[in-house]
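# compute the structure for the input listed below.
(one chain, ligands or ions: 1)
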Amino acid sequence: MPRQPGTRQRIAVVVGTRPEAIKLAPVIAALSESSWATPVLVSTGQHRDLLVGALEVFGLSPDVDLDVYRPGASLDALTARLLSALGPALTEIDPTAVVVQGDTTSTLTGALAGFHAGLPVAHVEAGLRTGDRTQPFPEEINRRLTSQLASLHLAPTAGAAAALAREGIAGPQVLVTGNTVIDALRAAVARKAPWPAALAGLDDDPRRVLLVTAHRRESWGRGLDGIGEALGRLARQREDLLVVFPAHPNPRIREAVEPHVAGLGNVWLLDPLPYGPFARLLDRADVVLTDSGGIQEEAPGLATPVLVMRAVTERPEAVEAGCARLVGTNADRIVAEVGGLLDDAGAYAAMARVANPFGDGRAAQRCAEALAWHLGLGARPEEFAPV
Ligand code: UDP
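So this is what the prediction gives:
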């Protein structure tokens, strides 16, 4: 695809998993609306089914579909397949720059393929760190390596920019944008997607809703067992509680949790939800219990307290601000923390009324402007500062 003088710049936006789709959809929209860019959405197919449900709410579909996923493939095989597919795809697209997001295998290989092609690489949500190479696995290493490959580092918070500075990555190429997930969440909630059949009647259900998600590799085994036990105990203790758990498609999750909650009418173990209904469910929930990264950022945006079933987090802002708490995966602790929040209105209000430290809904616009600046096509945007 040779470029004509004066035409818009093609920007390859690499997306592999659900959170990447959700967090890059607003960036794609901002690039499309700009006067200078034409985004080309490259789906690696790492989590193809989830990706479609995430893009749908934004009216997006992939321009290039690499379809690399093979069930049961090892991380090594996935990495090799992705890299082999991305190189030729970039040659074909012939973009001016590559945009990647977050910390997945698609992120890392997208950045590496861009680097190999000699292209500027913009990393959205740069600088998240737990400081522990194994948690989350393999994401902590994916994002550290991506920081070495990127030429533009779009940090969601000042804390993320500071983490990059500690690794020697500093200067104007590091720019604080806010997290694009807040832009995505606001757009999705405003659209008020219809409930799927499994959730029909939820608006009129008087029960308090505990929304649960869990998928991290480091929770497989004992962690998931603890989570399942906690959910079973909470559901038995509290008839006024409805546990809604859209389970990740990985069968290990369902298999670990199901035996603990079998036969309990107030535990709804569902398939993953498309982003539209999921955003609505987040808004409806009273408490969120999750090991997800993105949901830690979204729940405070809807004033929903979030209990994080992990030992460490790369998003300390929510814990420091008081809208999230780390609770691990021990069943006793989870039962006590959820019960404490549901029974203590003061503790609940203290978590719910904290301002969201992650974004103001204008992060994607800053990302697009920062990329234009990086390519010599515009001014450097003002950085995000939480209110
Ligand atoms: N999400 C969704 N449907 C679901 C569960 C989650 O659309 O059934 C969204 C959620 O709102 C968040 C993203 O998926 O934006 C988080 O994805 P995940 O937990 O898989 O990844 P992580 O954020 O931990 O990287």
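# and residue 46, how many neighbours?
For residue 46, the count of nearby residues is 23 (other Cβ atoms under 10 Å). C-betas here are computed from N, CA, C, even on glycine.
# pretty sure it sits in a strand.
No - applying DSSP: H, G, I helix; E, B strand; the rest coil, one finds residue 46 to be coil, outside a strand.
# so which bits of the stretch 251-387 of the chain are right by the ligand?
Taking Cβ under 6 Å from any ligand atom as the criterion, the neighbours of the ligand within the stretch 251-387 of the chain are 272, 273, 275, 278, 292, 293, 294, 295, 298.
# mind putting those residues into CSV with secondary structure?
Shown next, in CSV, are those (three-state DSSP):
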residue, secondary structure
272, coil
273, coil
275, helix
278, helix
292, coil
293, helix
294, helix
295, helix
298, helix
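# most neighbours among the residues you listed, which one is it?
Of these, with other Cβ under 10 Å as the count, residue 298 tops at 30 neighbours.
# so what's that one up against?
Each residue near residue 298 by Cβ atoms under 8 Å, 6 or more residues apart in numbering is listed here: 181, 182, 185, 279, 282.
# chain center to the lengthiest helix in the chain: distance?
Criterion DSSP state H: the longest helix present in the chain is helix 75-93. Here the centre of helix 75-93 is set off from its chain's centre by 22 Å, with Cα atoms, centre = their mean, to the nearest Å.
# tell me the buried residues in it?
By neighbour count on 16 or more other Cβ atoms under 10 Å, the buried set for helix 75-93 is 78, 79, 81, 82, 83, 85, 86, 87, 89, 90, 93.
# those residues of the stretch 101-250 of the chain touching the ligand, which are they?
Contact residues, the stretch 101-250 of the chain versus the ligand (Cβ under 6 Å from any ligand atom): 181, 213, 215, 246.
# can you tell me which of those are in strands?
213, 246 (DSSP state E).
# where is pLDDT lowest across the residues of the stretch 101-250 of the chain next to the ligand?
Checking pLDDT across those, the minimum falls on residue 215 at 88.
# isn't that residue right up against residue 293?
No - taking contacts as Cβ atoms under 8 Å, residue 215 lies outside contact range of residue 293: 10.2 Å.
# that older thread, closest one to the ligand out of the buried residues of helix 75-93, please.
Nearest to the ligand among the buried residues of helix 75-93: residue 78, at 16.0 Å, using Cβ to the nearest ligand atom.
# which residues does that closest one contact?
46, 68, 69, 70, 105.
# which stretches of the chain form strands?
Listed in chain order, the strands of the chain (DSSP E) span 9-15, 37-43, 64-65, 97-101, 121-124, 152-155, 174-176, 208-213, 241-246, 267-270, 287-290, 306-308, 324-326.
# so which of those strands is the most packed in?
Of all the strands of the chain, strand 97-101 carries the top mean neighbour count, a mean of 29, counting by mean count of other Cβ atoms under 10 Å.
# each with direction, which strands does that strand pair with?
Under the criterion DSSP bridges, strand 97-101 sits next to strand 9-15 (parallel), strand 121-124 (parallel) in its sheet.
# make a markdown table out of the ones you listed and add mean pLDDT and distance to residue 228.
Below are the strands paired with strand 97-101 laid out as a markdown table (pLDDT from 0 to 100; distance: least, Cβ to Cβ, whole Å):
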| stretch | mean pLDDT | distance to residue 228 |
| --- | --- | --- |
| strand 9-15 | 98 | 31 |
| strand 121-124 | 99 | 34 |
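# reformat those strands as a markdown table; add distance to residue 196.
Converted to a markdown table, the strands paired with strand 97-101 look like this (distance: least, Cβ to Cβ, whole Å):
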| stretch | distance to residue 196 |
| --- | --- |
| strand 9-15 | 23 |
| strand 121-124 | 29 |
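# which one, of those, ends up nearest to residue 38?
Closest of those to residue 38 is strand 9-15, at 5.3 Å (criterion: Cβ to Cβ).
# report the angle between the axes of the closest one and strand 37-43?
30 degrees (axes from the mean of the first three to the mean of the last three Cα atoms, to 10 degrees).
# got the contact list for strand 9-15?
Contacts for strand 9-15 (Cβ under 8 Å, 6+ apart): 1, 3, 20-21, 24, 27-28, 31, 36-44, 51, 55, 62, 86, 89-90, 93-101, 106-107, 110, 114, 119, 371, 375, 377.
# kindly export stretch 37-56 (C-alpha atoms) in CSV.
Extracted C-alpha coordinates of stretch 37-56, given in CSV (Å, rounded to 0.1, in the frame of the first residue of the first chain):
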residue,chain,number,x,y,z
ALA,A,37,-4.7,9.4,10.9
THR,A,38,-6.4,6.3,9.6
PRO,A,39,-6.3,3.6,12.2
VAL,A,40,-5.9,0.0,10.9
LEU,A,41,-7.2,-2.4,13.5
VAL,A,42,-5.1,-5.6,13.6
SER,A,43,-6.6,-8.4,15.6
THR,A,44,-4.0,-11.1,16.5
GLY,A,45,-6.7,-13.5,17.5
GLN,A,46,-5.1,-14.3,20.9
HIS,A,47,-8.6,-14.2,22.5
ARG,A,48,-10.8,-13.9,19.4
ASP,A,49,-14.2,-14.6,20.8
LEU,A,50,-13.9,-12.2,23.7
LEU,A,51,-12.5,-9.6,21.4
VAL,A,52,-15.6,-9.5,19.2
GLY,A,53,-17.9,-8.9,22.2
ALA,A,54,-15.6,-6.1,23.4
LEU,A,55,-15.4,-4.3,20.0
GLU,A,56,-19.1,-4.7,19.2
